[in-house]
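K.L.:
Build me a model:
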Amino acid sequence: MKNNRILWLTEHFSPVVGGTSESCFRQVREFRKSGFEIDIVALIYSKRRCAMDIVERDCGRDIFVTDSQHPMEGVLKIWNYLKLEHERKPYSRVVGFGCGRAGFVASTFSKWMERPFYLLVQGNDFDRFWFDNGNGWQIKEAISCASNIGCVSKELIKRISLLFPQKNIVQTPRGVDSSRWMLSGTDELITKEIKSDKCFENRTIIGIFGKMQYKKQTWEWLGSIRKHGLNEKIGLLVVGWIDEETSRILDDTSSPNNRRIKFCTLDNMPALYAACDFTIIPSLFEGMPNVLLESMAMGIPVIASDAGAMSEVIIHGENGFIFPAGNMSAAADTTKTALNLSPDERKNMGAKAKEHVFKNFSVTKEFETIKSLIFNTPEQQIENK
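P.N.:
Coordinates of the predicted model:
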């Protein structure tokens, strides 16, 4: 019988919140549902003493390693555990989800286990750390050691290929589960309540979802729509973590009317998306954000920069709107164009967005693409070692 036991390392896994963690959890879940045994190692940052917690799952284990102030302590602790596991029941492959620290650690473990290593690059990880003097070397090492590399966008494939022309790199786009993105009766009541909020009266509701961090360019977009006189036409539904500076800007009377909701579970998200007329993702850099696919799956058009895979998903003017990343004047002009759509035009655009995402970005397609990436090494290289 073929050995399909996989070791999968990441820094993004539940209970860590965020779109990248959701994507990692979804991918691991699909492998396990298909009968693949995966031990996932989640490297978790914390100020408390280094600890390791193991949770037994169907088709594998979730292994959480909490770092101390000494980064090598957690890695050495988990290696001592994994080398015994590998002797007991060998792993056939090692996967690094993310090309930063997790990718580097995974590449090292793969050499020590004498197993092929596969790297899944999310986009944010590459852009955040490539030019970082302290961490850039980890990305270079992880990419150099990978047998195959998966990237969420064609744009990222091109950039990495120019740096590492000898590498086999394929696109591994994210997927969205269509069954999750439908409104229940309770959802419809929540949506109706939000839409009836006085702060949104006679305004187009634009949703901002996720962490309001520097890459999102939220401040800059807010400044651009103010300069273009759009504040009185817009109401903002802000869902997620908001930093102190963005909060102050939203509190200012010169900002559009807004309602803010903290992070909530995925079960609550359909109602929040459905309350919006558009969502906005003005990021300076991106991978393939879940917000993009989720919003479109709910039939809500997205106004987005062309960072990462967003311009590969959105067909400008047909199922959403695209503007050049970092060009806030263009962002405001594009927002204005979206605001000028009639309700019927907006509804038609949303229907096209939903159809496009369900057809081209399914969870099944995501799983099959990643499975192909990591299971195309000749069997004689990995079996019976």
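K.L.:
Thought Val65 was touching Ile78, still the case?
P.N.:
Yes: using C-beta atoms under 8 Å, Ile78 is in contact with Val65, at 4.8 Å. The C-beta positions use only the backbone N, C-alpha and C, and glycine is treated the same way.
K.L.:
overlap in contacts of these two?
P.N.:
41, 52 (C-beta atoms under 8 Å, 6 or more residues apart in numbering).
K.L.:
How confident was the prediction at Lys215?
P.N.:
What the model reports for Lys215 is a pLDDT of 64.
K.L.:
brain fart, Gly308
P.N.:
For Gly308, the predicted pLDDT is 91.
K.L.:
Quick one: neighbours of it, just the number.
P.N.:
Residues lying near Gly308 (other C-beta atoms under 10 Å) number 29.
K.L.:
Angles on the backbone of it, please.
P.N.:
Backbone torsions for Gly308, taken as degrees, to the nearest 10, come to phi 60, psi -130.
K.L.:
Can you name the residues that contact it?
P.N.:
123, 152-153, 155-156, 283, 285-289.
K.L.:
now with 10 Å?
P.N.:
122-124, 126-127, 151-156, 281, 283, 285-289, 292, 325 (C-beta atoms under 10 Å, 6 or more residues apart in numbering).
K.L.:
just the buried members of the residues you listed?
P.N.:
Those of the contacts of Gly308 that meet the buried threshold are 122-124, 126-127, 151-153, 155-156, 281, 283, 285-289, 292, 325, by 16 or more other C-beta atoms under 10 Å.
K.L.:
Inside strands: which ones of the residues you listed?
P.N.:
Secondary structure defined by DSSP state E assigns 151, 281 of the buried ones among the contacts of Gly308 to strands.
K.L.:
Correct me if wrong: Asp177 contacts Met269.
P.N.:
No: assessed by C-beta atoms under 10 Å, Asp177 is found out of contact with Met269, at 11.9 Å.
K.L.:
neighbour count winner among those two?
P.N.:
Met269 (20 against 16).
K.L.:
Next, count neighbours for Glu193.
P.N.:
Glu193 has 11 neighbouring residues, counting by other C-beta under 10 Å.
K.L.:
next one: Arg88
P.N.:
Neighbours of Arg88 under the rule other C-beta under 10 Å: 7.
K.L.:
ok, now Glu244?
P.N.:
Neighbours of Glu244 (other C-beta under 10 Å): 8.
K.L.:
Now the common contact residues for Asp177 and Met269.
P.N.:
Joint contacts of Asp177 and Met269 (C-beta under 10 Å, 6+ apart) are Glu294.
K.L.:
contacting residues for Arg159?
P.N.:
Applying C-beta under 10 Å, 6+ apart to Arg159 gives the contacts 126-127, 130, 151, 153.
K.L.:
Double-check that it belongs to a helix.
P.N.:
Yes: counting by DSSP: H, G, I helix; E, B strand; the rest coil, Arg159 falls inside a helix.
K.L.:
State the distance from it to Ser153.
P.N.:
9 Å (C-beta to C-beta, to the nearest Å).
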